[in-house]
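give the three-dimensional model of this entry:
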Amino acid sequence: MIVAFSVAPSGGPSASSDGSVHDAVAGAVRIVRESGLPNRTSSMFTEVEGEWDEVMDVVKRATEAVGAYGTRVSLVLKADIRPGHTGEIDGKLERLEAALDD
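Numbers count the residues shown, from 1 in each chain. This next block holds a predicted model:
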């Protein structure tokens, strides 16, 4: 499965003086990267690929890390659940690029 998620703190002193929550988000992304699971981070979402339990564990731990930066956490999550398929975090993009080249 691939999960795309975005997590951010609110309430309390979570943002920097310019309104950014980059320190909190960095804590979440660090957890994702240290998980060893295939992952990718863009300006809006982090994607992580693996089995249900391992992916959800990473999302949970990343959410908990962000929770240290505020009194409340916002989590947006989208999942592509396709049993028996791996390598789709790159495979989907490769197929898209091939279709664009046609």
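
select the longest helix from the protein.
Secondary structure of the chain per DSSP state H: the longest helix is helix 52-67.

check contacts around the residue nearest in space to the middle of the chain.
In the chain, the residue lying closest to the centroid (C-alpha atoms, centre = their mean) is residue 46, at 2.9 Å. Counting by C-beta atoms under 8 Å, 6 or more residues apart in numbering, residue 46 makes contact with 4-6, 28-29, 32, 39-40, 62. Bear in mind the C-beta positions are built from the backbone N, C-alpha and C, glycine included.

and which of those residues is nearest residue 82?
Nearest to residue 82 out of those is residue 4 (C-beta to C-beta; 13.9 Å).

what residue ranges in the chain score low on pLDDT?
Applying pLDDT under 70 to the chain picks out residues 12-19.

where do the helices of it begin and end?
Under DSSP H, the chain gives helices at 22-34, 52-67, 88-101.

the shortest one vs helix 52-67, what angle?
It refers to helix 22-34. Compare the direction of helix 22-34 with that of helix 52-67 by axes from the mean of the first three to the mean of the last three C-alpha atoms, to 10 degrees and you get 160 degrees.

any idea how far stretch 64-78 is from the chain center?
How far stretch 64-78 lies from its chain's middle: 12 Å, per C-alpha atoms, centre = their mean, to the nearest Å.

equivalent analysis for stretch 25-39, please.
The chain centroid and the centroid of stretch 25-39 are separated by 8 Å, computed with C-alpha atoms, centre = their mean.

which residues sit against that stretch?
7-8, 41, 46-50, 54-55, 58, 61-63, 65-66, 68-69, 87, 89-90.

again, 6 Å this time
Contacts with stretch 25-39, where a contact means C-beta atoms under 6 Å, 6 or more residues apart in numbering, come from 7, 41, 46, 48-50, 58, 61-62, 65-66, 89.

enumerate the positions of that stretch that are buried.
Going by neighbour count (16 or more other C-beta atoms under 10 Å), the buried part of stretch 25-39 is 25, 27-29, 31-32, 35, 37, 39.

export these to TSV and tack on distance to residue 74?
Converted to TSV, the buried residues of stretch 25-39 look like this (distance: C-beta to C-beta, whole Å):
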residue	distance to residue 74
25	12
27	15
28	12
29	16
31	17
32	17
35	21
37	23
39	20
